[in-house]
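A.B. asks: One predicted model, sequence on top.
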Amino acid sequence: MIETGVQNSNKVEVTNLDDLNEEKVLMEWEAPERAFQRRDRDFWVTAISILILVSVILFFIKEFFLIIALGSVLFLYYTLSTVPPARVSNRITNRGVYFGEGRYEWDLLERFWIGKSLSTDMLFIETKLRFPRQISLVINPEDKEILKESVVKKIPYLESSPTFVDKLTNWFAQRLPLENKEKENKG
């Protein structure tokens with residue numbers, strides 16, 4: 001609220017002026033920097049078996065670099081699923097989204113949705129930048145609605161991921177499980 005008072009020589013005295021440049025934190029939380037889920041022995045036996053089978057087929061058609069690339073991807077996935085992520089501070093303010101030390105202003109963000117990645121609740125925000133094209137923030141399940149209400153005031157909300165690759169990945173994950181779902185539900 002701005003209150004003004006007029007003085008004798010046409011000077012305006014401003015009192016109780018709200019600072020429009022002040023950044024206000026709408027929500028702040030600490031979370032892992034990425035989704036994380038340890039995999040059991042059955043998962044790795046299945047994944048390595050599939051890789052060996054595909055590698056034998058690729059060996060006969062002389063695609064050696066593709067075999068190396070697939071082995072590298074499996075090694076990267078193994079590393080990411082055995083090394084726990086660091087914790088970062090995330091903030092949503094009236095000016096933008098902070099992910100650790102990174103800051104993304106609202107005019108650089110296009111839309112968002114809430115979903116799951118490796119059984120972890122995530123806030124996905126699509127950017128207008130070439131890199132990163134998407135920001136993924138780990139959230140607490142009980143904070144979903146509060147986050148949704150805060151962010152929807154700034155950018156549009158989608159019910160699910162709009163990309164074909166995400167939909168295709170989810171389709172394959174549902175039809176080709178690499179680990180026993182009964183063990184996951186019990187543990």
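C.D. replies: Sure, I can see it.
A.B. asks: quick one: contacts for Val88?
C.D. replies: Neighbouring residues of Val88 by Cβ atoms under 8 Å, 6 or more residues apart in numbering: 30-33, 99-100. From N, CA and C alone the C-beta is placed, and that goes for glycine too.
A.B. asks: Show me what it is bridged to.
C.D. replies: Residues in a beta bridge with Val88, per DSSP bridges, are Ala31.
A.B. asks: ok, it to Trp29 distance?
C.D. replies: As judged by Cβ to Cβ, to the nearest Å, Val88 and Trp29 stand 10 Å apart.
A.B. asks: Near Lys148, how many other residues are there?
C.D. replies: Residues near Lys148, counting by other Cβ atoms under 10 Å, number 15.
A.B. asks: tell me which element it falls in.
C.D. replies: helix 144-151 (DSSP states H and E).
A.B. asks: State the mean pLDDT of that helix.
C.D. replies: For helix 144-151, the mean per-residue pLDDT is 90.
A.B. asks: try stretch 173-186
C.D. replies: Stretch 173-186 shows a mean pLDDT of 62.
A.B. asks: before we move on, what about stretch 55-69?
C.D. replies: pLDDT averaged over stretch 55-69 gives 95.
A.B. asks: Nearest residue to the middle of the chain?
C.D. replies: Ser136 (1.1 Å; Cα atoms, centre = their mean).
A.B. asks: what sits against it?
C.D. replies: The contact partners of Ser136, by Cβ under 8 Å, 6+ apart, come to 34-35, 117, 122-125.
A.B. asks: Turn those residues into a markdown table, columns for pLDDT, secondary structure and distance to Trp44.
C.D. replies: Putting the contacts of Ser136 into a markdown table (pLDDT from 0 to 100; DSSP: H, G, I helix; E, B strand; the rest coil; distance: Cβ to Cβ, whole Å) gives the following:
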| residue | pLDDT | secondary structure | distance to Trp44 |
| --- | --- | --- | --- |
| Arg34 | 92 | coil | 20 |
| Ala35 | 90 | coil | 18 |
| Ser117 | 85 | strand | 20 |
| Met122 | 92 | strand | 24 |
| Leu123 | 92 | strand | 30 |
| Phe124 | 92 | strand | 28 |
| Ile125 | 92 | strand | 32 |
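A.B. asks: now those residues: which count as buried?
C.D. replies: 34-35, 122-125 (16 or more other Cβ atoms under 10 Å).
A.B. asks: Any chance of CSV for those residues, columns distance to Phe164?
C.D. replies: Below are the buried ones among the contacts of Ser136 laid out as CSV (distance: Cβ to Cβ, whole Å):
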residue, distance to Phe164
Arg34, 23
Ala35, 21
Met122, 19
Leu123, 21
Phe124, 15
Ile125, 19
